[in-house]
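Undergrad: Kindly generate the corresponding structure for this input.
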Amino acid sequence: MGVSHEMLDFKKMFAETKAHAKAIDVELRKSEIQEAVSHVKFLMAYMSDTFTSRGGDYEAIQALLLVPRLAWKASILLGQVKDKFPVAETVDMANVLKGHGVDRYIFGTRVSHLLQSLTVTLHRFNSALNRCSVESFLRVGTLHPEMSVHEKGLDFYIDLLHKGQLDENVPVSNLEKTVSYFETVYPLHLSDLKTDCPSFMSDHVKVYLSGVENLLVEVKRARLLLDKSGESSAVGLLLKSMENQCKDLETQVKVIKRRLPQDGSQGPISFPESVAVSMGQAANSINLVIKVIANFGKAQVQLATSNPDSGVPAPKVQEALHTAVDTVTEFGDQGIEFCTNSLSSALAKLSVISASVQSGEYDFDGSREEKPVQPIFLRAEEIKNEIKDATQLKYKLEAKDIDIKDLKKLLKVKQEELSEMQVRKDLLEKKLSDSTKDSELMIEKLQRKLDDAHNLLRRKEKEFEETMDHLQADIDSLESERGELKDRMKAMSKKALIEGLTKSASLSTPGPTSLGPSVPSPVRDSPLLVQQLQDMRTAVSSLQSSVARVEAQEYRDRIAKLLPIKLPSKTIATGAEKGDRPKDAGADLGQLMARCNKARTELYTLLATQPVVDITRTKGGGSNSGASMQEINMRKVREAQLRRDVETLQLEVLKLLTSRKPGYQADTAFGTFASRDFAKTLNQKDWSLYGRLDLSGSIKPTEAGIPLLTDRKGVLEIHNKMLA
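TA: Residues are numbered from 1 along each chain as shown. Just a heads-up that it's a prediction; the model follows:
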C-alpha cells in the first residue's frame, strides 16, 4: 500500500516544524546561557579580591560545580560508548585476527569499566562535598586547578566521540590517570566522612559487572589464540580457572544487584565502613587483573598475527603473561598466579558481602539521619557575618573619627591650660628655690644641734658604762653569796628538815607550814636546788596525807561510837504555812542560782589564771617575765572576796532551803526560827546507821552514773579520803 502525497507532505511539514521549534529552543537556551554568564560576570565584579584569590571561596565553588559536571560527562560518554561499541556476536579466529569487532568490543568494555570507576569516585566526592566541614570544603577547593586539567582529558574523549574518531586505537592512559588521581585524592581530604551506602554499592556493582565483562572477553580471546596443545599447560589451566572465577564473580554481583533497591521503595542500604573498604579492595584487585590481561592480550595478538595459521605456543603465552604481571604490579616476581590470586581475593570478599545482603544484614532499619547543612551555605553565612561585622566596624570607625576630632579640640584646650600651668610652674620653682635656701640654713642649725646631742649622748653612755661596771661588781658579790648559801643548803640534814616539818604540821596554830630556815629567792635559779625543793614538797604532801588519814580514822572511830540516828516523822505543812510562804521564793531561787553560777565562773577563771613567780634575775637585776608583786596581791584580794561571797551564798541557800521545806522553820512576828522537830533532830545524841559506801564493785548499779569533772589533784584527794 503506497503512501499518499498528502501524507508525505504532512510528514515533511511536521519534520520542518519540529526542526524549526528545536532551532528556536536552541536559540532561547543560548540567550539564557549568555544572560546567566553576564549575570555571573556582573556578580563577580562586586566580589573582593580575596574571593577570587588562589585557594579562596571562588575555587571551592568551582570545585563543587566541577565534580557533578565530570560525573555528567562520564555518564554521557558511557552511554555513547555502549552504543558505538556493541557486543561482539561471535568470538572466533576470523573476527580476532581479520576483523575488528572483538577489539572494538574489548575497547568498549575497557572504557566502560574506567568510566564506571571514575563515576564511583566522583559520586563519593559529590556526596562528601555536600556533608563535609567548611575547612575540608575550602581545602578541596585548592585542588580545582588540578581537577580542571583532568576535565580536559575527559573532554578530549567526548570531542573524539563527537567527531566520530573514537575507536579501539585511541589510548586510554589519560582516562586511567584521571581515575587514579581522583581515587588518590579522596582518601587524603575526605576519608573521615561516612560513605553514602546505597549509591556506593550500586556504583560498585556496575564497576564489577563492566570489569567482569571485559575479563571474560579477554580470557576467551586468550584461550582462542592459545595453541590447542597448550590447553593442558599451566597457562591454559590458569586461563580456564580465570574464566570460571569471572563467571562466579558475575553470579555473586548479580545476586547483590537483585537485592539492591531499584526504585527506593525498600529504603536505603546501610552497612559499616569495613564493608565499604572490602568493596573498594575487591574493585582494586579486579582493576589490576584487567590491566594485566589488557597488556597480555595486546602481546598475544601480536604473537598470533606473526603466525596466523597456528595458535600461540604455551611457553610464549606464559612468558607474555609473566611480563604483563611484572609491568603492572609494583613489586616484581609475582608470577602468573597473581591473576587467579587477585580474583580469588575479590571473589571471597564479594561472596561474604552477597551472603550478608541476602540475609538482610544491610537492610534499612528505619532510622533517619539528620541531613546536614551543605558547607557552601555555611561558608556563605560566615561571609555574610563577616560583611556585617565589617559594616559595623565601618560605623565604629566613623564614630571613632568623630571622637578623635573631639579629642583634638579637647587637646587644644588642654594645651592652652598647659601653657598657663607652665607659667605657674615657673613661679612655683622660683618660690621653691627661695624656700630651698631657707631650708638649707635651717638644716645647718639643726645639724649643729644634732652634733651637740651626739656629744651629750656619748657622755651619757660613758656614765652608763661606769654604772654598769659597779652593778656588775655587786652582781658578782651576790653570786658568791648565793654559792655559799647553796653549800649551806646542801649541808642541811634532810631528816632534821622532815622532823621540823612534821612538828610544824601537828601544831594547831593557823598559818603556813614552815619549810625550815628561810632561803633567799635567788637559790631557786639552780636546777639541782629546784629538784630538791620539789622532792621536799612531795615528802611534805605525803606526810600531810598520812596525818590526814590518821585524823580521819580517829573521826570514824568516834562516829562509830555514837548512837544511831533516829529520823523524825514526816511533818506535813499546814495550810497556813503554805499560804504564808513568800511570793518571791521563785525569784530568790533564780537569783541564788545566777549568783552561784557567777561565783563558779570566777573561781574557774581564778584557777585557770594562776600566776607564776619568776625567781630568775637578769644581769641588770630586773625581771624579764612573770607576775609582779602587785598582781599577786590583787589575786589574794580577789581570793578573799570570792571566799566571802561563797560563805554568804551558803548562808542564803540554807535559809532558802529551810524556808521551802515544811517544818524546818517557824515564822513569828519578830523573826524566823528553826522548827521544834528540826531542832530536836539536830540536838539528838543517839546516832544510827544511815548508809554504807561500797567500793568493791560487787553491787551492780541500777541507775545511770553521774559524771564528775575534776583534775589530777582532785583524783588524788578523793583517793586519799577513801583510804583514810
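
Undergrad: pLDDT at Met442, what is it?
TA: You'll see Met442 listed with a pLDDT of 92.

Undergrad: Please read the previous query as pertaining to Met147.
TA: 87.

Undergrad: if I look at it, how far off is Thr648?
TA: Going from Met147 to Thr648 by C-beta to C-beta, to the nearest Å gives 114 Å. For every residue, glycine as well, the C-beta is placed using N, CA and C.

Undergrad: between these two, who's got more neighbours?
TA: Set Met147 next to Thr648 and count neighbours by other C-beta atoms under 10 Å: Met147 wins out with 21 against 12.

Undergrad: How about the contacts made by that one?
TA: Applying C-beta atoms under 8 Å, 6 or more residues apart in numbering to Met147 gives the contacts 63, 66-67, 70.

Undergrad: want to throw those residues into a markdown table with distance to Lys30 and neighbour count?
TA: Shown next, in a markdown table, are those (distance: C-beta to C-beta, whole Å; neighbours: other C-beta atoms under 10 Å):
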| residue | distance to Lys30 | neighbour count |
| --- | --- | --- |
| Ala63 | 27 | 23 |
| Leu66 | 23 | 20 |
| Val67 | 26 | 23 |
| Leu70 | 24 | 24 |
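
Undergrad: between these, which is nearest Asp196?
TA: Val67 (13.6 Å; C-beta to C-beta).

Undergrad: tell me the mean pLDDT over the strand or helix carrying the closest one?
TA: Using DSSP states H and E, Val67 maps to helix 57-84. Helix 57-84 shows a mean pLDDT of 86.

Undergrad: tell me the SS of Phe271?
TA: coil (DSSP: H, G, I helix; E, B strand; the rest coil).

Undergrad: Pick out the most distant pair among the contacts of Met147.
TA: Most distant of the contacts of Met147, by C-beta to C-beta, are Ala63 and Leu70, 10.5 Å apart.

Undergrad: Count the residues that sit near the residue nearest to Arg259 when sequence neighbours are not counted.
TA: Nearest non-adjacent residue to Arg259, counting by C-beta to C-beta, 6 or more residues apart in numbering: Val357, 4.5 Å away. Val357 has 23 neighbouring residues, counting by other C-beta under 10 Å.

Undergrad: Check Lys414 too.
TA: Using other C-beta under 10 Å: Lys414 sits among 12 other residues.

Undergrad: residues in contact with it?
TA: Lys414 neighbours (C-beta under 8 Å, 6+ apart): none.

Undergrad: where does it sit relative to Lys408, distance-wise?
TA: 10 Å.

Undergrad: And Val646, by the same measure?
TA: Distance from Val646 to Lys408, by C-beta to C-beta: 89 Å.

Undergrad: the more surrounded of the two?
TA: Legend: neighbour count by other C-beta under 10 Å for Val646 and Lys408, higher for Val646 (15 against 9).

Undergrad: Now do the buried residues in the helix or strand hosting that one.
TA: Here Val646 sits within helix 629-660, counting by DSSP H and E. Going by neighbour count (16 or more other C-beta atoms under 10 Å), the buried part of helix 629-660 is 645, 653, 656, 658.

Undergrad: Lowest pLDDT pick from the residues you listed?
TA: Thr658 (74).

Undergrad: can you put the buried residues of helix 629-660 in CSV and add distance to Ile718?
TA: Formatted as CSV, the buried residues of helix 629-660 follow (distance: C-beta to C-beta, whole Å):
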residue, distance to Ile718
Asp645, 26
Val653, 24
Leu656, 29
Thr658, 30
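
Undergrad: Show me what the helix holding Val646 is packed up against.
TA: helix 585-608 (3 or more C-beta pairs under 8 Å, 6 or more residues apart in numbering; DSSP states H and E).

Undergrad: What helices and strands are in contact with the helix it packs on?
TA: helix 629-660.

Undergrad: what angle do the helix it packs on and helix 585-608 make?
TA: 150 degrees (axes from the mean of the first three to the mean of the last three C-alpha atoms, to 10 degrees).

Undergrad: any idea how far helix 629-660 is from the chain center?
TA: 69 Å (C-alpha atoms, centre = their mean, to the nearest Å).

Undergrad: Same question for stretch 201-211.
TA: The answer for stretch 201-211 is 48 Å, by C-alpha atoms, centre = their mean.

Undergrad: And for stretch 188-203?
TA: Chain-centre distance of stretch 188-203: 35 Å, with C-alpha atoms, centre = their mean.

Undergrad: Other residues contacting it?
TA: In contact with stretch 188-203 (C-beta under 8 Å, 6+ apart) are residues 116, 119-120, 123-125, 127-129, 131-132, 136, 139-140, 143, 256, 260-261, 268-271, 273, 276, 279, 362.

Undergrad: Alright, I will stop here.
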